[in-house]
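**Student:** let's see this in three dimensions:
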Amino acid sequence: MVKPRVAIIGAGSSGLAALKQCLDDDLVPICFEQTSYVGGLWNFVEIDDKNKDPHSSAYKSLVINTSKELMTFSDFPIPAEWPHYLHNSLVTKYFNMYADNFKLRQYIKFHTTVVRVSYLPDHRWKVKYITCVDKDQTGEKQNSEHEEIFDFVMVCNGHHRKHRWPKYKGMDEFKGEQTHSHFYRRSASFENKRVVVVGVGNSGVDIAVELSHVASQVYLCVRRGTLPWIFPRLIGGKPIDHLRSRFSTYFLPRSPSAYAKLIVKTLGPHPPSFQPTTTSIFSSHPTLKSELFERLSTGTIIVTKNILELMPDETKSIKFVDGSTVENINVIIYATGYNIDFPFLDRDIINGGSEIEQEFEDEYKENLAWMYKMMFPPNYRNIAFIGLVQPIGAIFPIIEMQTRYVTSLIKGFINPLPSPQDMNIAIRDYHNKLRKRYYLSARHTIQVDYHSYLDELSLELGCYPYPLEILKKFGFDIWKLSMFGLRTPIQYRLLGRQCWEGAKDAIMIYNKVNPN
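**Tutor:** Got it, this is the predicted structure:
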């Protein structure tokens with residue numbers, strides 16, 4: 001029997017997990033990567049004349065917002081001696097270790113850009129790509145164009161590529177510099193400047209805090225009027241994502257919002273004078289940066305309302321919606337996120353078609369992903385999008401679980417996908433729930449909850465960590481850790497197909513280093 005050929009687009013976190021899982025399930029994968037390295041956007045890449053718009057948006061000081069214990073791949077634990085929150089250099093080191101350990105590089109075509117993926121009448125996919133190679137010893141480059149046919153496509157190149165810019169009156173005439181957070185690399189060039197940062201997501205707050213140490217003044221522009229709920233990385237000396245065990249999910253407040261609000265109000269960093277938004281704590285994607293309040297208290301960061309207009313004169317003034325004005329602004333940094341964009345695919349594969357896109361246009365601003373389980377377009381059963389989610393929690397375990405789901409589907413180990421009609425019903429239900437939970441924004445079109453999403457997929461895969469089964473197989477100690485200890489994704493390797501014999505010891509090591 002001929003083994004299915006799988007095209008994997010991108011060798012970042014999603015592509016590496018997909019490649020490894022395809023090999024585990026005896027498929028024939030080929031991975032296409034436009035750069036010379038693995039790890040995708042977590043690599044720090046300088047911006048220069050030769051590379052003015054790199055794929056990576058990592059700045060020099062970037063530290064991930066989820067603890068290593070909950071962001072690790074399930075059968076290749078991040079070293080326990082590493083810090084809880086990893087600098088981007090350690091994240092890329094981990095991905096390189098992963099690629100080397102599972103011998104993945106030999107399946108990757110580097111310096112290769114996919115330019116078109118086309119659906120064929122026989123229900124396979126034609127992938128057209130261009131590879132850049134050295135022509136001779138002088139270093140001169142040449143491009144070679146190729147086409148290959150695949151049975152399945154896994155789109156793994158992420159959704160942090162097409163910068164989303166706000167629209168303000170006067171942007172074209174403003175005399176100061178305007179840039180996107182995608183191009184921010186380090187604070188040195190902003191010394192003694194007056195800077196406005198637009199956006200209070202993790203990147204915006206992170207950059208504003210960093211700049212406040214060198215800039216003469218930083219203004220943090222809140223487009224919705226009030227700061228969101230700000231979470232600390234640590235509570236009681238422990239990473240905040242360590243606090244929610246499987247037991248707490250079962251028996252403590254059923255609303256994650258109520259549970260988190262209780263934690264942040266009781267133990268978090270909010271000063272008594274700070275009045276956060278009155279909306280639900282999870283009506284927007286969480287922002288982790290308690291140092292913001294220190295900088296606010298020193299006046300090095302001043303929070304403003306949304307921008308009304310950028311003035312065209314030499315004063316480089318900005319007028320806000322409350323009537324206030326600031327002058328002599330040297331730089332505006334728009335930390336306003338990204339739009340979902342896969343230029344090598346027909347748009348209706350992503351958004352479900354023009355009728356569906358128009359229905360959601362006012363709310364989603366061309367940022368709609370119409371996917372069953374946030375992976376599968378209903379009308380195309382042999383293409384999957386990996387990592388096209390924004391989780392409350394770590395993304396890498398979700399990516400890995402998605403790849404396990406997809407390869408199990410290809411191999412027939414799980415039930416086939418429902419009919420397109422049933423998938424459309426499930427997708428609409430998902431988006432209706434998003435509308436009720438989150439405020440309307442292009443930012444909140446692909447949200448998932450870390451724990452519930454992993455549990456949902458693992459139940460179908462047969463690797464859900466059933467407490468009773470764990471008690472029977474491993475005894476009381478591992479059962480206790482699985483219920484009351486760290487809710488590490490390694491738990492999803494204890495049972496079922498592709499369980500890992502090292503899972504028990506890895507769970508014990510993580511919990512020993514990080515006792516609850």
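**Student:** distance-wise, check the closest residue to residue 216 other than its chain neighbours relative to residue 218.
**Tutor:** In space, and not counting its chain neighbours, residue 216 is closest to residue 192: 5.0 Å by CB to CB, 6 or more residues apart in numbering. To be clear about C-beta, it is placed using only N, CA and C from the backbone, and glycine gets the same treatment. In this view, residue 192 and residue 218 are 12 Å apart by CB to CB, to the nearest Å.
**Student:** between the two, point out the one with more neighbours.
**Tutor:** residue 218 (25 against 9; other CB atoms under 10 Å).
**Student:** that one against residue 198, yeah?
**Tutor:** No: look at residue 218 against residue 198 with CB atoms under 8 Å: they stay out of range, at 11.6 Å.
**Student:** mind listing the helices for the stretch 151-300 of the chain?
**Tutor:** For the stretch 151-300 of the chain, the helices defined by DSSP state H, counting those that start in this stretch occupy 202-211, 246-251, 256-267, 291-298.
**Student:** residue 132 bridge partners, please.
**Tutor:** residue 143 (DSSP bridges).
**Student:** shouldn't residue 303 be in contact with residue 222?
**Tutor:** Yes: with contact defined as CB under 8 Å, residue 303 counts as touching residue 222 (5.9 Å).
**Student:** so in the chain, which helix runs the longest?
**Tutor:** In the chain, taking DSSP state H as the definition, the longest helix is helix 420-437.
**Student:** which of the residues in that one are buried?
**Tutor:** Using 16 or more other CB atoms under 10 Å as the test for burial, helix 420-437 gives 423, 424, 427, 430, 431, 434.
**Student:** could you do stretch 314-329 as well?
**Tutor:** Within stretch 314-329, the residues scored as buried using 16+ other CB under 10 Å are 316, 317, 318, 319, 320, 326, 329.
**Student:** show me where the stretch 251-400 of the chain dips below the pLDDT cut-off.
**Tutor:** Under the criterion pLDDT under 70, the flagged ranges of the stretch 251-400 of the chain are 251-285, 365.
**Student:** cutoff 80 now
**Tutor:** 251-286, 288-290, 361-366 (pLDDT under 80).
**Student:** check the chain too.
**Tutor:** Within the chain, the ranges that satisfy pLDDT under 80 run 1, 133-141, 224-229, 248-286, 288-290, 361-366, 435, 437-444, 513-516.
**Student:** how does it divide into domains?
**Tutor:** Annotated domains of the chain cover 5-160+340-461, 165-232+269-336 [automatic domain parsing].
**Student:** do you know how far residue 239 is from residue 513?
**Tutor:** In this view, residue 239 and residue 513 are 12 Å apart by CB to CB.
**Student:** in terms of neighbours, single out the busier of these two.
**Tutor:** Using other CB under 10 Å as the criterion, residue 239 and residue 513 rank with residue 239 on top: 20 against 12.
**Student:** circling back to that earlier point, between residue 303 and residue 222, which one's more packed in?
**Tutor:** residue 222 (18 against 14).
**Student:** the more buried one reaches residue 200, doesn't it?
**Tutor:** Yes: with contact defined as CB under 8 Å, residue 222 and residue 200 form a contacting pair (5.4 Å).
**Student:** before we move on, back to that, tabulate the buried residues of helix 420-437 (JSON lines), appending distance to residue 214.
**Tutor:** As requested, these are exported to JSON lines (distance: CB to CB, whole Å):
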{"residue": "423", "distance to residue 214": "51"}
{"residue": "424", "distance to residue 214": "51"}
{"residue": "427", "distance to residue 214": "46"}
{"residue": "430", "distance to residue 214": "43"}
{"residue": "431", "distance to residue 214": "42"}
{"residue": "434", "distance to residue 214": "38"}
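**Student:** coming back round to it: and the gap between the residue nearest to residue 216 and residue 331?
**Tutor:** 12 Å.
**Student:** which neighbours do the two share?
**Tutor:** With CB atoms under 8 Å, 6 or more residues apart in numbering applied, the contact sets of residue 192 and residue 331 do not overlap.
**Student:** residue 315 is in contact with residue 328, isn't it?
**Tutor:** Yes: between residue 315 and residue 328 there is a contact at 6.8 Å, judged by CB under 8 Å.
**Student:** hang on, the earlier thing: direction included, what does the helix or strand that the longest helix of the chain is followed by pair against?
**Tutor:** Counting by DSSP states H and E, the element after helix 420-437 in chain order, helix or strand, is strand 447-449. Strand 447-449 has these partner strands in its sheet, going by DSSP bridges: strand 390-392 (parallel).
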